[in-house]
Each structure stands twice: as structure tokens, then as C-alpha cells.
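In: Sequence first, predicted coordinates after that:
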Amino acid sequence: MKKNLISYFSFTKKERIGIISLLLLIAISLTLPYFFSFFISKKGPDYKLFEQSIAALQIQELDSSLSTKSRFKYSSPESNQYNKKRFDKENDDNRTKPIFFYFDPNKIEASDWKRLGLTDKTIHTIQNYLLKGGHFYQKEDIYKIWGLRKELADQLLPYVQIEIKENNSRLTYTPFKKSATTNTPLLIDINEADTSAFIALPGIGTKLAQRILTFREKLGGFYAVQQVGETFGLADSIFQKIKSNLMLNKPALRKININSANVEELKVHPYIRWQLANAIIQYRNQHGRFEKLQDIKKINLITEEIFNKLSPYLNTD
């Protein structure tokens, strides 16, 4: 038994070298991490960078949630200067290029002020002033409008035409009236008026005025005031407002000869267009000349209503 134990715990030279080597490796593995701290410097987290990131997020949140006025109040001086420049730029973007026309500041609407070059904020101020009983009594009162730049006020001044009351009768200043002492409203002849005359009417801007003239030209002249209301883009509410300012003297209409006109000439007329123009030409080719204007009523597309609307612009000679 003793001999067996001795033989069991006895090692050869190679085995002893192997065991010692293994023990050394284990010892080195266990002690080596303690020596790393002497060779590798410990670097903590960059709290400064973290704080800058948090600050940037807070600035973005503040910028999106506060009004411009609030940002001026709570931001740093550098941020205030940036915000002021941006505020001025927003004001410039909100301000349209002015279109000048004669106007009464007590009567024109927000869209008219907008065309005159005022910002939405200034227009809102004017409307609040008028709603609370305010009134413009003389031209120079426009200088009292809060937010209106003096340069723009100087440009607007010659166009201000304030309607005043004297002994309960109206006195209107307008370049289109022959007499400034009568109660007669502003009247314009719809077949003779130019864009400036139409722009002087409430709710009519440059684009609408030009559309009215273009429509008049394509028709060949107006034969009734009601036709102005057919202008593309002209709201019925605006037309009803200006209707009393429109008049018509003897209309001189440009007429189309339905016996000689071709499809191209007919289809450009707003009341004819291509389908009806083609029907007129086809009927003429099949049945010959129109002896009298009423003959076009034989075309199926032409109802009594269409004939009454279109006939003033047609002839057979």
C-alpha cells in the first residue's frame, strides 16, 4: 500500500517541469491585471461634451416652444441678436411688394392692406383699432399706425382718399369723380375703364383687374354689367359689392360673321369654345350659309338661353 502511494505521487523530471511551468503561468495570469494600472491611464467619461449636448437639446426645445418675444427675454445676448435678425427677416418675408391705388383706410379690407404692402401684424392692429371705434379723419393719421414703416407711409399718403361727412352728406375724394360734393358713388364704364379704374374698387387687385380686361377683350366688349361677374376668379361677394359702381354706356361690340369665320376664330370666344364652334362649321358645311342669325338655333347644342347670351356677338354679314 505504501509502495503504491509513493509510486502514485512520484513524478518524472519532465512531469515536474511541466507542473512547475503550469503553476507559473497560473500565477502570472492572476497577478498580471494588477500591473495594467501602471501602464494604462484611466480616462473618465467626458462630462463636458455630455453637458454641451444636453444644452443644445434644451436650446432647440426652447426655440420651438417659446414665442419670438419669449426667446428674446430668456436667451443669451448672442442668441438674442440671432433671433432679432431672424424676426426682422420673417417680417420682411411677410411683407409683400406694395401695389399702390387710391383707398379709404376706414373701409378697405385686410386683402387690400396686404396689396399695399403691410404686414399681417400691422393689418391686425388696424382692424382692431377700427373695430373698437377708431377712425381715420385725415390722411396724416396713417402715420399713427403702429408698425407701419415711415417709408411706406410716405408712399401711401398721396393715395389716401378719406370719405368725410359734412352736414350728413358724404364728401368723397376720388380721381374718377367729376364732382366731390355729390352723393353719387364712384362709377366706371365697364367697356372703357382700364386696370387702374378697376383697382380703385374694393376687393379688386391687379390680377383681377387684368382678368376683367382680358375677359372683355375675348368677348368683344360687355353688353351687360352682369357679365363682369362671370370673370374667372372674381367671387360673387366681391362682384355684388362693386356692382353699384359699374355702369355701361352704349356698348360697341366686336361681332363674328358666322358665315365666314373658321373654327379657330370661333373657338376663342368665351361663349363658344371648340365644341360649339365645330358644330357651327359642320352645320354650315352641310346646309350652306346662315340666312339669318336665328338659323343657328337649328343646331342641337344651341338652346334658347345660349342663343340669347351669344347672339349679340354674332352676325351673318
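Out: Perfect, I can see it now.

In: what's near enough to touch Ile20?
Out: If you count contacts by C-beta atoms under 8 Å, 6 or more residues apart in numbering, Ile20 has none. (Glycine included, C-beta is placed from N, CA and C.)

In: do the same with Val228
Out: 190, 212, 222, 234, 239, 246.

In: same thing but 7 Å
Out: For Val228, the contacting residues are 190, 212, 222, 239, 246, by C-beta atoms under 7 Å, 6 or more residues apart in numbering.

In: Tabulate these (JSON lines), appending neighbour count.
Out: Shown next, in JSON lines, are these (neighbours: other C-beta atoms under 10 Å):
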{"residue": "Ile190", "neighbour count": "22"}
{"residue": "Ile212", "neighbour count": "24"}
{"residue": "Phe222", "neighbour count": "21"}
{"residue": "Phe239", "neighbour count": "18"}
{"residue": "Leu246", "neighbour count": "20"}
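
In: Among those residues, which one sits closest to Leu314?
Out: Proximity of those to Leu314 (C-beta to C-beta) peaks at Phe222, which lies at 15.9 Å.

In: And that closest one, how far from Pro270?
Out: Remark: distance between Phe222 and Pro270 (C-beta to C-beta, to the nearest Å) = 12 Å.

In: picking up where we left off before, among the contacts of Val228, which two are most distant?
Out: Phe222 and Phe239 (13.0 Å).

In: Next up, the contacts around Thr316.
Out: Contacts of Thr316 by C-beta under 7 Å, 6+ apart are 257-259, 290, 292-293.

In: so who does the closest residue to it other than its chain neighbours touch?
Out: Once flanking residues are discounted, Thr316 sits nearest to Phe290: 5.1 Å by C-beta to C-beta, 6 or more residues apart in numbering. Each residue near Phe290 by C-beta under 7 Å, 6+ apart is listed here: 258-259, 284, 296, 316.

In: Most neighbours among those residues, which one?
Out: Counting neighbours by other C-beta atoms under 10 Å, Ile258 leads those with 24 neighbours.

In: if we can go back for a sec, kindly reformat the contacts of Thr316 as a markdown table containing secondary structure, pLDDT and distance to Ile26.
Out: Shown next, in a markdown table, are the contacts of Thr316 (DSSP: H, G, I helix; E, B strand; the rest coil; pLDDT from 0 to 100; distance: C-beta to C-beta, whole Å):
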| residue | secondary structure | pLDDT | distance to Ile26 |
| --- | --- | --- | --- |
| Asn257 | strand | 95 | 118 |
| Ile258 | coil | 94 | 116 |
| Asn259 | coil | 94 | 120 |
| Phe290 | coil | 94 | 120 |
| Lys292 | coil | 93 | 125 |
| Leu293 | helix | 92 | 121 |
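
In: tell me the SS of the closest residue to Leu130 other than its chain neighbours?
Out: Nearest non-adjacent residue to Leu130, counting by C-beta to C-beta, 6+ apart: Asn106, 6.8 Å away. Assigned by DSSP: H, G, I helix; E, B strand; the rest coil, the conformation of Asn106 is coil.

In: I'd like the distance between Asn106 and Gly133.
Out: Relative to Gly133, and taking C-beta to C-beta, Asn106 is found at 11 Å.

In: So these two - more neighbours on which side?
Out: Neighbours were counted for Asn106 and for Gly133 using other C-beta under 10 Å; Asn106 has more, 15 against 6.

In: can you pull the contacts of the more buried one?
Out: Asn106 neighbours (C-beta under 7 Å, 6+ apart): 130, 135-136, 162.

In: which of the residues you listed are buried?
Out: The neighbour count (16 or more other C-beta atoms under 10 Å) marks 136, 162 as buried among the contacts of Asn106.

In: Looking at the contacts of Asn106, which is nearest Lys144?
Out: Ranked by distance to Lys144 (C-beta to C-beta), the contacts of Asn106 are led by Phe136 at 8.7 Å.

In: Just give the nearest non-adjacent residue to that closest one, would you?
Out: Pro105 (4.4 Å).

In: Next: Leu301.
Out: Among residues not flanking Leu301 along the chain, Ala279 sits closest, at 5.1 Å (C-beta to C-beta, 6+ apart).

In: related to what we said a few turns ago, ok, now how distant is the residue nearest to Leu130 from Arg254?
Out: Asn106 is 41 Å from Arg254, by C-beta to C-beta.

In: same thing with Ile108?
Out: Distance, Ile108 to Arg254, by C-beta to C-beta: 35 Å.

In: Compare neighbour counts for these two and give me the winner.
Out: Higher neighbour count among Ile108 and Arg254: Ile108, with 17 against 11, using other C-beta under 10 Å.

In: mind listing the helices for the stretch 201-317 of the chain?
Out: Ranges of helices within the stretch 201-317 of the chain are 206-219, 236-242, 263-267, 273-287, 304-310, based on DSSP state H, counting those that start in this stretch.

In: can you redo those as a markdown table with distance to Leu30 and mean pLDDT?
Out: A markdown table is the format used below for these (distance: least, C-beta to C-beta, whole Å; pLDDT from 0 to 100):
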| stretch | distance to Leu30 | mean pLDDT |
| --- | --- | --- |
| helix 206-219 | 89 | 94 |
| helix 236-242 | 93 | 92 |
| helix 263-267 | 101 | 93 |
| helix 273-287 | 99 | 93 |
| helix 304-310 | 107 | 91 |
